[in-house]
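# Quick one, fold the following:
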Amino acid sequence: KHMEIKHHSPLDNLIVEIEYAVECIYNKGNIPEKSSINKVNLSKDESKASERVMRINHMGEICAQGLYRGQAAHTKDQNLKMKLYDICNEENEHLKLCNLRLKELNGSSSVLNPLWYLSSYVLGSVAGIKENDWKLGFIEETEKQVTDHLKESMKQLPANDIRSKEFLEKISKDEEKHRDTVKSIGSNEIPNSIKTGMNISSKIMKKLTSLF
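Model (predicted):
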């Protein structure tokens, strides 16, 4: 979609972004067509624990979409804009995996996802506007915190939920790749106060997502 946005009027761009957000948040059919990983039967308690973990990670992927779309929409560097949209498309594959696993666990996504997407889009927009100061430092820090969270999530899964673990391992590898990509493009370290704020916000969001 990023090739279309490039030539649209501001109003058209807004409509495209709204359509993208709605598709991202509500398209529960957005899952891979095939999966080769064998399913494992889980007990009721194990399924509930896995659902909670995947629900939170699904929220994280919703936020990732908002962050990348927001920064891409507001950066003036056209090459960077294209790269951000490309990474965003790759992140969408993670969303598909989380949708698939939640469906298999008979789970549901958070009702707060529209709020999380909007707040992430705003943060991404600020990062795009602060491009000269931060470059891609905001996204690099985001990828770092996401990778740490994924490692924590894998420890929280039931021991025999191999399927969810493999999904999260794949996502983690891609996040590391994205972090290396933004570092190679160029990023400046963001202020420690911003890092701390991101970490605190993340904890609050995870707690609320597990409840609603």
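# and stretch 65-79, which residues are buried?
Neighbour-count burial for stretch 65-79 flags 65, 66, 67, 68, 69, 70, 71, 72, 73, 74, 75 (criterion: 16 or more other Cβ atoms under 10 Å). To be clear about C-beta, it is placed using only N, CA and C from the backbone, and glycine gets the same treatment.
# typo on my end, it should be stretch 90-98
Within stretch 90-98, the residues scored as buried using 16+ other Cβ under 10 Å are 91, 92, 94, 95, 96, 97, 98.
# ok, how many other residues are close to residue 105?
22 (other Cβ atoms under 10 Å).
# tell me the contacts of it?
42, 47, 50, 51, 54 (Cβ atoms under 8 Å, 6 or more residues apart in numbering).
# does the fourth one count as helix, strand or coil?
So the one you mean is residue 51. Using DSSP: H, G, I helix; E, B strand; the rest coil, the structure places residue 51 in helix.
# Verify the stated contact: it with residue 104.
No. Shown here, residue 51 and residue 104 do not form a contact pair, counting by Cβ atoms under 8 Å, at 9.6 Å.
# And the contacts of residue 105, which two are furthest apart?
Comparing every pair within the contacts of residue 105 by Cβ to Cβ identifies 42 and 54 as the most remote, at 11.9 Å.
# Comparing the two, which residue is more hemmed in?
The neighbour comparison of residue 42 against residue 54 (other Cβ under 10 Å) goes to residue 54, with 27 against 20.
# which residue sits closest to the more buried one, ignoring its sequence neighbours?
Take residue 54 and drop its neighbours on the chain: the residue closest to it by Cβ to Cβ, 6 or more residues apart in numbering is residue 101, 4.8 Å away.
# Tell me how far residue 111 lies from residue 59.
The gap separating residue 111 from residue 59 is 11 Å, by Cβ to Cβ, to the nearest Å.
# let me fix that: residue 107
In terms of Cβ to Cβ, residue 107 sits 12 Å off from residue 59.
# quick one: which of these two has more around it?
A side-by-side neighbour count of residue 107 and residue 59, using other Cβ under 10 Å, places residue 59 first with 23 against 18.
# ok so, going back, reformat the buried residues of stretch 65-79 as TSV; add distance to residue 197.
Listed next are the buried residues of stretch 65-79 as TSV, based on distance: Cβ to Cβ, whole Å:
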residue	distance to residue 197
65	20
66	16
67	14
68	19
69	21
70	16
71	17
72	22
73	22
74	20
75	22
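# Most widely separated two among these?
For the buried residues of stretch 65-79, with distances taken as Cβ to Cβ, the pair at the greatest spread is 65 and 75 (16.2 Å).
# how distant is the strand or helix carrying residue 99 from the center of its chain?
Here residue 99, judged by DSSP states H and E, is contained in helix 78-104. The chain centre lies 7 Å from the centre of helix 78-104; the measure is Cα atoms, centre = their mean, to the nearest Å.
# Beyond it, next helix or strand please.
Later in the chain than helix 78-104, the nearest helix or strand by DSSP H and E is helix 113-129.
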